[in-house]
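> Sequence and computational prediction follow.
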Amino acid sequence: MLSRLQEFIDRIQLDTSRASLGFWIAAINVLIVILVVGGISISAIGSLRDLADQQGKSRVQLAGAMAREDLRRFGEDALTHAKSVAERATLQRLLADRQAAAIGPYLRRSCNTDTITACAVFEGRSLVAQAGVALPWAEIAQATTEQGERFLAVPTNTGSAVLGASAQVGGATERRVFVARLMDEKLGRLLSDRVGLGIHLISYRTFVNNRVVDDFTRLHSAGLSDGRSAVARIGDADLYAASFPIFASTGEAIALLEARLPAGDIDKSTGSLVKRLIITAIVLAALAVLAGVILGQQVTGPVSTLTEAAERLGHGDFSTSIPVGGTKEVGKLGRTMEDMRNNLVELTGALRRREAEAQAVLGGIVEGVYAVDKSRVIRYLNPQAARLLGVQAHEAIGRFCGDVLKPCAENGMRPCENNCPILHARSEGSAQSTERLNLREGTPRTTIITSAAPVDDLQVQVIRDETELEGVRRARDSVLANISHEFRTPLAAQLASIELLREGMDTMSVTDQKELVLSLERGALRLTRLIDNLLESVRIESGQLGIRHQSVAIAEIVEDADALIGALLKQRRQTLVLDIPEDLPRVDGDGPRLTQVFVNLLANASKFAPEDSTVRIGASATGHTVTTWVEDEGAGVPEIESGSIFERFYRGPDQEPEPGGLGLGLWIVKSIINRHEGSIHAERREGRTRFVVELMQAKPE
């Protein structure tokens, strides 16, 4: 099949080179107009007829639905009327007095309306009185028992269905008032006037007993099968008809509501529209063909010339000028293309130069460079900036700069919201700020970001990492300040003691002189310990701290430490209590270094423990390790559990009993213990602060 279609196409192929472009444009225009106009006309006529048919069906179906809704309202009105009659005191009194003869005339006056056909009063199953058209009230009463207050019924001896309602009289369940209306031709005429189309009401029993089968019979059968409605065009009767089955609340079919609309009304308007459409299509087609032929001849010449020039530009030939001629639009197009050619020549050269310069600059600088648009979305990122931020360039481009840089929050807000250098540069021409960035490695980085003013919707930023330099500056300033403070305090005390000793040497008692000498000794001891810690920290930082492995006794190490630091304990009237077993195994370590560990731990305990308190040192052996602890009665620091107190240059909070030291003592302790392949930690136990040291036991000789 496909091969035959291809053969047919090959046979009808035309040699377009034998005729001009204007001829082919005109021929194609004629063919397209014929196909389009013809196709649209045929489709439109069919659509109009379909729409007309749909309109007719919709109108008749809408009319039927409205009529059915009116029937439902008639039922509600009947219920309202029944309740109104049942609630009247006169009727209740007549029933109570058993005046059945007077109830009939009363009902005739109460039910004398255009919407009510008949009324009746029942007491139990007995008919007390009735008014209006005589109806088989026993069957109606049975329908009320099945359906409730409102009912629909098809009495046996009545040619029409009945709708109505019932209500209790005075709250007595055995006494009821019935109100009914026949669904006859009179009601059909009333509905026709209300909806504007012909309405017929057919009793379901009449429909079933009818032996004639025609289009209306089939329509009603379809409506009953659907349960809601059915609509169709009845060709023989030349009308549209809709059938709506009427069911009781029990599901029993009661009647059929039939709506009719003459088809001539719809066909007449459709025919007029079809005639006008055909005439309009013919006129427009003729005009379109004529206009296509004329315009094709006028446009094809200059367009061919511009096409050739455009092909040269497409191949990169900018040397030949673009010819200008033809209609206004074509001439403007030619001039525009010529301007475009000149601009391309200039821009190509400029772009090549600038690209080479930019690549050289961006590739040679050390700082990172990135550019953002008006929305602060990154559009460019050089390799240095990508390495600094720890991202790939293609991952960052297209994202908001704050999400890539991740600046640390200030007062609970990101700098992007209230202190962005990019925004400041837009109003001030340039801006610079120091930002701390949360990058991938987890440690905030300190950077300096310099932002330039926007150019062509792009804004360039230069970012420089100063984390290490900032850290060095802070450490230097902190160390210098701490050293100055720590050295000044004992030196000032010693100078004061020397001055007092010199002035009172002849008059001062021997006890006071000894006290001043002891004060000088304590100051010298503190200075010595500070200097030792500084020198030790330098050796640790430079990697010169060596450990000699010997078999040493913890008791001897503690004794040496007490000899060095005991004066500080006596100054604060603190007692050192030892709980070291005599058979405690020896440890593998460097004696002088371990002595320095316990000197620092005892000095730390003495500083934080209150005066007149007890400092305890205990030890025990477990497995291949020896555990030693130094315990004081001080309050400790909040960070004791986190281990941050062992960090370098860590200083206690403001509530320390004495001014903070250099923050090196515990760091040196941890460094020495780590080199012994041991461990140290701090904890709070029963209101006391305890530092626990674990060391390996010495191997037996």
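Received the coordinates, thanks.

> So which residues of the stretch 451-600 of the chain form helices?
Per DSSP state H, counting those that start in this stretch, the stretch 451-600 of the chain carries helices over the ranges 467-503, 510-542, 554-571, 591-608.

> Confirm that residue 431 sits in a strand.
Yes - remark: residue 431 belongs to a strand, assigned using DSSP: H, G, I helix; E, B strand; the rest coil.

> Go ahead and measure how far whichever helix or strand residue 394 is part of is from the middle of the chain.
Assigned by DSSP states H and E, residue 394 belongs to helix 393-396. For helix 393-396, the distance between its averaged C-alpha position and the chain's averaged C-alpha position is 23 Å (C-alpha atoms, centre = their mean, to the nearest Å).

> Can you name the next helix or strand after that helix?
Moving toward the C-terminus from helix 393-396, the next element (DSSP H and E) is helix 401-405.

> Next, the buried residues of that next one.
Using 16 or more other C-beta atoms under 10 Å as the burial criterion, the residues of helix 401-405 that qualify are 401, 404-405. (C-beta placed from N, C-alpha, C; glycine too.)

> Then stretch 283-291?
Neighbour-count burial for stretch 283-291 flags 285, 288-289 (criterion: 16+ other C-beta under 10 Å).

> re the thing from before, from the buried residues of helix 401-405, pick the one nearest residue 580.
Nearest to residue 580 among the buried residues of helix 401-405 is residue 405, at 56.6 Å by C-beta to C-beta.

> ok, the closest one touching residue 436?
No - using C-beta atoms under 8 Å, residue 405 is not in contact with residue 436; the gap is 10.2 Å.

> just to revisit the earlier point, any chance of TSV for the buried residues of helix 401-405, columns pLDDT and distance to residue 428?
Compiled in TSV, the buried residues of helix 401-405 are given as follows (pLDDT from 0 to 100; distance: C-beta to C-beta, whole Å):
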residue	pLDDT	distance to residue 428
401	82	18
404	78	24
405	76	20
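
> so can I have JSON lines of those showing distance to residue 105?
What follows is the buried residues of helix 401-405, written out as JSON lines (distance: C-beta to C-beta, whole Å):
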{"residue": "401", "distance to residue 105": "96"}
{"residue": "404", "distance to residue 105": "97"}
{"residue": "405", "distance to residue 105": "99"}
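
> which residues in the stretch 251-400 of the chain form strands?
253-262, 368-372, 378-381 (DSSP state E, counting those that start in this stretch).

> which of the ones you listed is buried the deepest?
Stretch with highest mean neighbour count among the strands of the stretch 251-400 of the chain: strand 253-262 (a mean of 23; mean count of other C-beta atoms under 10 Å).

> residue farthest from the centroid of this protein?
Most distant residue from the mean C-alpha position of the chain: residue 506, 87.3 Å away (C-alpha atoms, centre = their mean).

> Please give me every residue in contact with it.
If you count contacts by C-beta atoms under 8 Å, 6 or more residues apart in numbering, residue 506 has none.

> cool, residue 408 as well?
In this structure, residue 408 makes contact with 435-438, 444, judged by C-beta under 8 Å, 6+ apart.

> What degree of burial does the closest residue to residue 257 other than its chain neighbours show, as a neighbour count?
Taking C-beta to C-beta, 6 or more residues apart in numbering, and ignoring the residues beside it in sequence, residue 257 has residue 244 as its nearest neighbour in space, at 4.2 Å. Residue crowding around residue 244 was assessed by other C-beta atoms under 10 Å; the count is 24.

> Then residue 436?
Neighbour count for residue 436, taken as other C-beta under 10 Å: 16.

> Next one: it from residue 399, what distance?
Using C-beta to C-beta, to the nearest Å, one obtains 20 Å as the distance from residue 436 to residue 399.

> Roughly how far does residue 268 sit from residue 278?
According to C-beta to C-beta, residue 268 and residue 278 sit 17 Å apart.

> Name the nearest residue to residue 45, sequence neighbours excluded.
For residue 45, the nearest residue in space outside its immediate sequence neighbours is residue 274; the separation is 5.3 Å by C-beta to C-beta, 6+ apart.
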